[in-house]
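Asker: just to be clear, the model below is a prediction. Sequence and coordinates:
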Amino acid sequence: MGRVAREVVQKAGIDVDKLLDMLLRNASAELTTFYYYTILRTNLIGLDGEGLKEITEDARIEDRNHFEALVPRIYELGGKLPDNMNAFHDISACPPARLPANPRDINAMLQVLVSAERCAIGGYSAICNYTAGKDHRTYDLALAILHEEVEHEAWFSEFLGEGPSGHFRRSGTGFERNSPYVARFLPH
């Protein structure tokens, strides 16, 4: 699998093993963030928590979608997911988005959420910078994910009072609402 895709990317000047490492680490971050956001969302209760629940759920679902979109590209390039989930968790490009010590501290929750998004933005920016003009397919995928991660960061940073972002709540249902940039990369 992935022989032609790998050859084309190598001929363009990309170290495919380095790129696969970047993709795997970001895929791990997406899957682990999906898991940790499930715990965070479950603990968003009370008046303050309920206001964050919907956007946390949107970010959670989109992180799962990002993982699903990255996996085919990893295999196309001749890579594979680790056989062990613990090993996969431990190579994450971002630290775990764990529940804060006091889950009723909404500012602490927001710090966890915004930190996770900022880490993801850095990871996808690095992939875009590495593949720009050389690996169009991976670049396009990373850029689509980057668009969504920037929106997630904007949502959470507004709750922290860091200023308006210019981003608005998405309307619609299904893929038109969740993963509007990444939907075309998802298996249907």
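Answerer: Here it is on my side, so go on. Numbering: from 1, shown residues only.
Asker: which non-adjacent residue is nearest Pro72?
Answerer: Closest residue in space to Pro72, ignoring its immediate chain neighbours: Pro187 at 7.3 Å, by C-beta to C-beta, 6 or more residues apart in numbering. Bear in mind the C-beta positions are built from the backbone N, C-alpha and C, glycine included.
Asker: what is the burial count for that neighbour?
Answerer: Residue neighbour count, defined by other C-beta atoms under 10 Å, stands at 7 for Pro187.
Asker: surely it touches Leu70?
Answerer: No - shown here, Pro187 and Leu70 do not form a contact pair, counting by C-beta atoms under 8 Å, at 11.9 Å.
Asker: give me the distance from the lengthiest helix in the chain to the chain's centre.
Answerer: Using DSSP state H to assign secondary structure, the helix with the most residues in the chain is helix 46-76. A distance of 7 Å separates the centroid of the chain from that of helix 46-76, by C-alpha atoms, centre = their mean, to the nearest Å.
Asker: following it, which helix or strand comes up?
Answerer: For helix 46-76, the succeeding helix or strand toward the C-terminus, using DSSP states H and E, is helix 85-90.
Asker: on contacts alone, who are the packing partners of that next one?
Answerer: Judged by 3 or more C-beta pairs under 8 Å, 6 or more residues apart in numbering; DSSP states H and E, the packing partners of helix 85-90 are helix 16-42.
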